[in-house]
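In: let's see this in three dimensions:
(one chain, ligands or ions: 1)
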Amino acid sequence: MKTKAYVSPELIRLDIEKLDSQGDGISRDATGKIIFVPGVLPGETVLVRKTTEKKDFATARLVEIEKTHPERVKPFCPWHERCGGCQIQHASYPLQLMLKEQFLKDAFSRIGRMLPLEGFSRVAASPLESGYRNKISLPVARSENSGTLEIGYFQKRSHRVVAIDRCPVAMPVLNEILKEVRAGIAQVGILPYDERTRQGLLRHVVLRGGQETGEILIVLVVHHSPDPAITKNIICLARRIRKRYPQLLGLALNFNPAEGNVIFGPLTKALSGRAFFYERLADLTFKFDATSFAQVNTRQAERLYQAVANEACPAIGENVLELYAGVGTLTCFLAARSSRVVALEEWGPSVDCLKENVSRNSFKNVRALGGSAEKLDFSTVGPIDSVVIDPPRSGCHPDVLDSIAQMSPRRVIYVSCNPSTLARDVGLMCREEHFRLRKVLPFDLFPQTCHVESIAILDRGSSS
Ligand SMILES: C[S@@+](CC[C@H](N)C(=O)[O-])C[C@H]1O[C@@H](n2cnc3c(N)ncnc32)[C@H](O)[C@@H]1O
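Out: The predicted model follows:
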């Protein structure tokens with residue numbers, strides 16, 4: 001049932017106990033009912049007004065802070081309060097790292113039921129606290145006031161677009177390109193896609209780039225093929241931008257006719273230049289298709305991959321099975337330290353890049369496979385010492401966890417951007433003592449947000 005938006009006239013005083021994994025403050029009213037409040041910090045005393053009232057919980061809007069956390073800072077983004085992207089920008093960076101450690105530990109105790117909590121390292125800080133994102137995906141909508149096309153971010157917990165002209169956590173050059181796209185797109189004659197009426201064309205503007213190579217790609221996600229006049233205008237826009245920014249190596253259209261939240265559809269076409277870009281990590285070069293997954297914080301990803309490779313290959317001669325391999329970035333870090341890697345990826349354009357990247361970086365010890373982890377016949381991959389998994393936010397299918405348990409490798413290295421599904425899956429793997437959790441290494445890949453990337457290292461247990 002849809003909740004009606006309301007703001008109660010009554011002012012309530014609350015003490016904030018802690019933050020939940022979405023970055024909202026958790027507190028209780030006089031009756032013990034839980035109230036969620038965005039924009040607060042643990043230990044603060046605040047005055048709020050309720051905005052929703054449910055049977056078991058309520059949400060509230062911050063009105064005034066009576067007792068302020070000493071590590072509260074002024075957010076540097078002008079859109080911070082409306083945009084849903086950076087949930088904890090009002091905390092100092094050291095406090096953000098402590099909050100993320102708590103999110104992770106809460107997930108392991110509450111969801112994974114893994115007590116006592118042992119082996120958790122501190123969250124490794126990102127080299128950059130802003131300007132780090134190599135990709136921004138901006139939804140497009142028609143402005144309710146002026147009727148013009150708006151490019152921005154979804155407002156917190158809604159599908160209303162907050163128009164922005166820069167995103168301070170994105171690489172500075174992406175903001176410059178965004179300015180050009182915003183200025184030029186109005187003249188292209190392209191209409192925003194409206195998900196309610198299913199009319200219009202343009203769904204998302206995605207800007208991607210290589211932090212090291214400087215290469216930039218614009219991807220316009222469209223519902224269907226534009227007519228020839230609009231196509232011509234888009235090509236002209238790309239040429240105009242390239243005159244000022246020669247590092248813009250391509251503008252591609254991605255076609256997504258499906259309903260729902262998934263940004264990219266299965267088909268991509270370069271309208272101008274190419275539909276891929278290159279990036280360097282350590283001394284390796286990688287090709288990324290316009291729609292392929294990339295870790296958004298390149299410098300910190302390098303450290304993450306190195307740590308995974310160290311854990312997966314503690315000695316010379318290890319054999320590794322890597323599931324959810326993407327374009328093969330982590331694959332190549334693993335290949336550099338192991339005897340043999342079998343790497344599997346499902347998304348077609350990424351499988352092509354994976355194969356190309358392995359040979360581009362001259363690794364002869366990698367077998368790159370296309371297909372889904374659920375359908376892999378584990379008996380065909382040969383003897384394996386370490387299984388490395390880096391699934392999407394939803395985590396691993398139980399069949400994949402079962403197959404890994406049956407294979408019984410010496411260790412499993414689980415890389416995850418979602419503490420809840422990581423804790424769930426690690427809890428399942430440890431339940432029947434197939435595996436034992438040895439340590440968890442969290443990395444901050446997403447400063448200012450409440451997202452946490454972590455590596456869980458599991459050793460073969462007593463029942464295997
Ligand atoms: C979080 S990304 C990790 C990619 C890579 N390890 C990296 O760091 O770039 C997850 C990857 O798993 C792929 N994927 C999603 N579901 C899959 C499945 N069921 N089987 C195999 N790969 C899958 C996605 O296409 C994506 O490339």
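
In: show me what contacts R82?
Out: Neighbour list for R82: 155-156, 162 [criterion: CB atoms under 8 Å, 6 or more residues apart in numbering]. For every residue, glycine as well, the C-beta is placed using N, CA and C.

In: what do you get if the cut-off is 7 Å, keeping everything else the same?
Out: Residues in contact with R82 (CB atoms under 7 Å, 6 or more residues apart in numbering) are 155, 162.

In: check the gap between it and the ligand for me.
Out: R82 is 28 Å from the ligand, where distance means CB to the nearest ligand atom, to the nearest Å.

In: three-state assignment of the residue nearest to L281 when sequence neighbours are not counted?
Out: In space, and not counting its chain neighbours, L281 is closest to E302: 5.0 Å by CB to CB, 6 or more residues apart in numbering. Following DSSP: H, G, I helix; E, B strand; the rest coil, E302 is assigned to helix.

In: burial count for E302?
Out: 19 (other CB atoms under 10 Å).

In: ok, it to E453 distance?
Out: Distance from E302 to E453, counting by CB to CB, to the nearest Å: 13 Å.

In: equivalent analysis for Q247, please.
Out: For Q247 relative to E453 (CB to CB), the value is 28 Å.

In: quick check: phi and psi on whichever residue of the stretch 301-450 of the chain sits closest to the ligand?
Out: Using CB to the nearest ligand atom, the closest approach of the stretch 301-450 of the chain to the ligand is made by G326 at 2.8 Å. The phi and psi values for G326, taken as degrees, to the nearest 10, are phi 60, psi -140.

In: which non-adjacent residue is nearest it?
Out: Nearest to G326 is F293, by CB to CB, 6+ apart, at 4.7 Å.

In: number of nearby residues for whichever residue of the stretch 151-300 of the chain sits closest to the ligand?
Out: Proximity to the ligand, evaluated over the stretch 151-300 of the chain using CB to the nearest ligand atom, is greatest for F293 at 3.9 Å. By the criterion of other CB under 10 Å, F293 has 18 neighbours.

In: pretty sure Y305 is touching T331, no?
Out: No: between Y305 and T331 there is no contact under CB atoms under 7 Å: 9.4 Å.

In: looking at those two, which has the bigger crowd around it?
Out: The residue with more neighbours, out of Y305 and T331, is T331; 29 against 24, by other CB under 10 Å.

In: report the secondary structure state of the more buried one.
Out: Of the three states, T331 takes helix under three-state DSSP.

In: what sits against it?
Out: Contacts of T331 (CB under 7 Å, 6+ apart): 322, 325, 341, 343, 354, 358, 366.

In: you'd agree V63 is in a strand?
Out: Yes: V63 forms part of a strand when assessed by three-state DSSP.

In: who's in contact with D165?
Out: So D165 contacts 179, 182 (CB under 7 Å, 6+ apart).

In: give me the distance between it and V440.
Out: In terms of CB to CB, D165 sits 39 Å off from V440.

In: also P42?
Out: For P42 relative to V440 (CB to CB), the value is 21 Å.

In: so the residue nearest to G326, which of the three states?
Out: Counting by three-state DSSP, the backbone at F293 sits in coil.

In: would you check that D385 makes contact with G317?
Out: No: between D385 and G317 there is no contact under CB under 7 Å: 8.5 Å.

In: quick revisit: quick check: the residue nearest to L281 touching D283?
Out: No: using CB under 7 Å, E302 is not in contact with D283; the gap is 10.5 Å.

In: can you list the residues of this protein near the ligand?
Out: With CB under 6 Å from any ligand atom as the criterion, the chain meets the ligand at residues 293, 295, 324-326, 329-330, 344-347, 350, 372-374, 390-392.

In: give me the buried entries from those.
Out: Buried subset of the residues of the chain next to the ligand (neighbour count, 16 or more other CB atoms under 10 Å): 293, 295, 324-326, 329-330, 344-347, 350, 373, 390-391.

In: quick one on the thing from earlier: D385 and G317: who's more crowded?
Out: Shown here are D385 and G317; by other CB under 10 Å, D385 has more neighbours (19 against 9).

In: give me the residue at the spatial middle of this protein.
Out: C417 (6.7 Å; CA atoms, centre = their mean).

In: surely that one touches H451?
Out: Yes: using CB under 7 Å, C417 is in contact with H451, at 6.1 Å.

In: could you list the low-pLDDT ranges of the protein?
Out: Along the chain, the parts satisfying pLDDT under 70 run over 1-6, 464.

In: distance of D56 from A107?
Out: Here D56 is placed at a distance of 20 Å from A107 (CB to CB).

In: the two: which is more packed in?
Out: Just comparing D56 and A107: by other CB under 10 Å the higher neighbour count belongs to A107, 23 against 6.

In: what sits against the residue nearest to the centre of the chain?
Out: Applying CB under 7 Å, 6+ apart, the residues near C417 are 393, 451, 453.

In: go with 10 Å
Out: Counting by CB atoms under 10 Å, 6 or more residues apart in numbering, C417 touches 295-296, 390-393, 443, 445-446, 451-454.

In: swap in R436?
Out: By CB under 10 Å, 6+ apart, the neighbours of R436 are 411, 429-430, 457-462, 464.

In: biggest separation within those residues, which pair?
Out: The span of these, defined through CB to CB, is set by I457 and S462 at 17.1 Å.

In: out of these two, which sits in the busier spot?
Out: A direct count of neighbours by other CB under 10 Å for I457 and S462 places I457 higher, at 22 against 9.
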